[in-house]
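J.: here is the input, now give the coordinates:
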Amino acid sequence: MFYSFIFILFFFNQVKTKSIVSINREANKIIKYVNNIPNNTWKAGFNFKSKQLKEIENIMGVLPINEKYTQSLEDLGFAIHHNSNNILDKDFNEIEVLPENFDASKQWSKCKSILSVKNQSNCGSCWALSTASVFSDRICIATNGSIDNNLSGEYLLSCCTGSCGRGCNGGHPEKAWKFIINNGICTGGDYGSNEGCQPYSIAPSAVELSFENTADTPECYHTCTNPHYTTPLQNDLYFASKVYTVKPKMKPIMYEIYKNGPVVAAMKTYEDFFHYKSGIYQYKTGSSKGDHAIKLIGWGEENGMLYWLAVNTWGTLWGMDGIFKIKRGSNECGIESRISGGLPKL
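T.: Reported below is the predicted structural model:
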């Protein structure tokens with residue numbers, strides 16, 4: 001009996017080892033393929049360990065939408081394909097000329113939140129973290145830097161379940177915005193920061209951590225979870241006055257960022273994106289792994305190619321210290337098809 005147990009243990013360990021070897025081989029294959037494409041616009045390298053790559057689709061946290069979902073948003077009073085300044089399609093070619101390069105972190109340099117890179121860890125919370133991050137930026141911008149707080153993705157993640165989605169198993173950025181207009185959002189920094197009312201409670205992914213088991217969605221608290229923070233939650237809430245999606249075209253999105261600050265974008269992810277290191281990303285190889293929410297903070301042009309400047313939620317060890325560029329103007333990976341934002345109620 002003892003020897004049978006040892007054999008079974010050995011067998012499963014061998015299967016697991018072979019699986020990891022296979023994943024490493026596939027990752028190396030993708031990286032080599034991307035880096036050997038002539039005149040390719042981006043470089044690939046290792047960002048995740050094999051254990052994480054095995055089940056990485058578990059942290060792609062944006063739930064899909066359909067016509068019924070869009071109608072439900074309209075019924076809730078969510079403005080669809082709206083721009084905050086009520087600019088019509090025909091007017092976009094007539095408005096002030098937008099700059100060729102724009103970086104919200106430089107335009108509004110007082111707002112340190114713009115370059116704050118979140119780490120969702122083994123939780124599909126990108127929909128909550130990106131929305132909270134964008135609203136943090138927009139409050140700072142609207143107040144000319146006088147309010148530069150990190151707002152709590154934790155609060156959205158834990159308290160906007162059901163109506164927003166399934167917590168660590170995914171959610172809808174649009175409904176997170178609707179939650180903010182109705183319920184507000186409190187302050188809260190990164191894991192272990194002791195910043196704000198409800199800091200993120202899920203520890204950053206260690207290199208040995210697998211994404212096979214998605215983290216449990218944190219419990220919703222209507223009090224501050226940070227014992228060092230003295231402001232009661234009810235006095236710490238920030239509300240939106242208007243929430244909306246932006247028309248899925250390049251100029252309206254640029255105009256929105258230029259006038260009001262960063263926006264939330266949902267994009268489709270593929271295997272090669274996990275290995276992004278630098279340059280302007282375009283999909284090259286690998287299977288689809290799900291939808292993911294990020295923050296668009298600007299745009300530019302490099303060697304004749306237009307790009308969006310974006311902030312991811314996978315920590316600073318991924319990409320260019322957590323930041324990436326992606327091809328602009330052709331809806332690369334659906335990056336221009338699902339844009340949302342909101343204006344603060346001051």
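
J.: helices along the protein, start to end?
T.: 2-35, 50-54, 67-75, 104-107, 126-142, 153-159, 173-183, 250-260 (DSSP state H).

J.: residue 292 is nearest to which of those helices?
T.: Judged by C-beta to C-beta, the one of the helices of the chain that comes nearest to residue 292 is helix 126-142, at 5.4 Å. Where C-beta positions appear, they are placed from N, C-alpha and C, glycine not excepted.

J.: could you say what helices and strands that closest one packs with?
T.: helix 153-159, helix 173-183, strand 263-270, strand 288-302, strand 339-344 (3 or more C-beta pairs under 8 Å, 6 or more residues apart in numbering; DSSP states H and E).

J.: can you say which of those is packed in most?
T.: Mean neighbour count (mean count of other C-beta atoms under 10 Å) peaks for helix 153-159 among the helices and strands packed on helix 126-142, with a mean of 29.

J.: and it, what's its mean pLDDT?
T.: Helix 153-159 carries an average pLDDT of 98.

J.: what does stretch 22-31 give?
T.: Average pLDDT, stretch 22-31: 90.

J.: going by neighbour count, which residues in that stretch are buried?
T.: Buried positions in stretch 22-31, judged by neighbour count with 16 or more other C-beta atoms under 10 Å: 23, 27, 30-31.

J.: tell me, how many residues neighbour the nearest residue to residue 343 once chain neighbours are set aside?
T.: Leaving aside its chain neighbours, residue 343 sits nearest to residue 242 (4.7 Å; criterion: C-beta to C-beta, 6 or more residues apart in numbering). A count of nearby residues for residue 242, using other C-beta atoms under 10 Å, gives 16.

J.: next: residue 275.
T.: 24.

J.: hmm, it is touching residue 28, no?
T.: No - using C-beta atoms under 8 Å, residue 275 is not in contact with residue 28, being 9.7 Å away.

J.: need the helices and strands packed on helix 126-142 in TSV (columns: distance to residue 225).
T.: Listed next are the helices and strands packed on helix 126-142 as TSV, based on distance: least, C-beta to C-beta, whole Å:
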stretch	distance to residue 225
helix 153-159	8
helix 173-183	17
strand 263-270	24
strand 288-302	23
strand 339-344	23
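
J.: among those, which comes closest to residue 204?
T.: helix 153-159 (13.5 Å).

J.: report all helices and strands that the closest one contacts.
T.: Using 3+ C-beta pairs under 8 Å, 6+ apart, helix 153-159 is in contact with helix 126-142, helix 173-183.

J.: what's the burial count for residue 189?
T.: 23.

J.: quick check: nearest residue in space to it, chain neighbours excluded?
T.: residue 195 (2.8 Å).

J.: for that neighbour, list the residues it contacts.
T.: Neighbouring residues of residue 195 by C-beta atoms under 8 Å, 6 or more residues apart in numbering: 150, 187-189, 226.

J.: swap in residue 241?
T.: 181, 342-345.

J.: if we use 6 Å, what do you get?
T.: 343, 345 (C-beta atoms under 6 Å, 6 or more residues apart in numbering).

J.: next: residue 294.
T.: 130, 265, 310, 312.

J.: just among those, which is most surrounded?
T.: So for the contacts of residue 294 (other C-beta under 10 Å), the most neighbours sit at residue 130, 33 neighbours.

J.: pretty sure that one is touching residue 292, no?
T.: No - here residue 130 does not reach residue 292: they are 8.9 Å apart, not a contact under C-beta atoms under 6 Å.

J.: can you count the residues close to residue 32?
T.: Residue 32 has 10 nearby residues by other C-beta under 10 Å.

J.: any idea how far it is from residue 199?
T.: 40 Å (C-beta to C-beta, to the nearest Å).

J.: what does residue 44 give?
T.: In terms of C-beta to C-beta, residue 44 sits 33 Å off from residue 199.

J.: what does residue 148 give?
T.: Residue 148 sits 16 Å away from residue 199, going by C-beta to C-beta.

J.: quick one, which of the two is more surrounded?
T.: residue 199 (23 against 18).

J.: how about the contacts made by the more buried one?
T.: 188-189, 193, 226.

J.: who's residue 244 bridged to?
T.: On the basis of DSSP bridges, residue 244 is bridged to residue 79, residue 341.

J.: kindly report the same for residue 314.
T.: Bridge pairing for residue 314 - DSSP bridges - gives residue 119.

J.: if we can go back for a sec, which of the contacts of residue 294 lies closest to residue 282?
T.: residue 310 (13.6 Å).

J.: residue 163 versus that closest one, what's the distance?
T.: Using C-beta to C-beta, one obtains 27 Å as the distance from residue 310 to residue 163.

J.: any idea which of the contacts of residue 294 is closest to residue 65?
T.: residue 265 (13.6 Å).

J.: thinking again about what came up before, let's see if you can find the most crowded of the contacts of residue 195.
T.: That'd be residue 188 among those, by other C-beta under 10 Å, with 28 neighbours.
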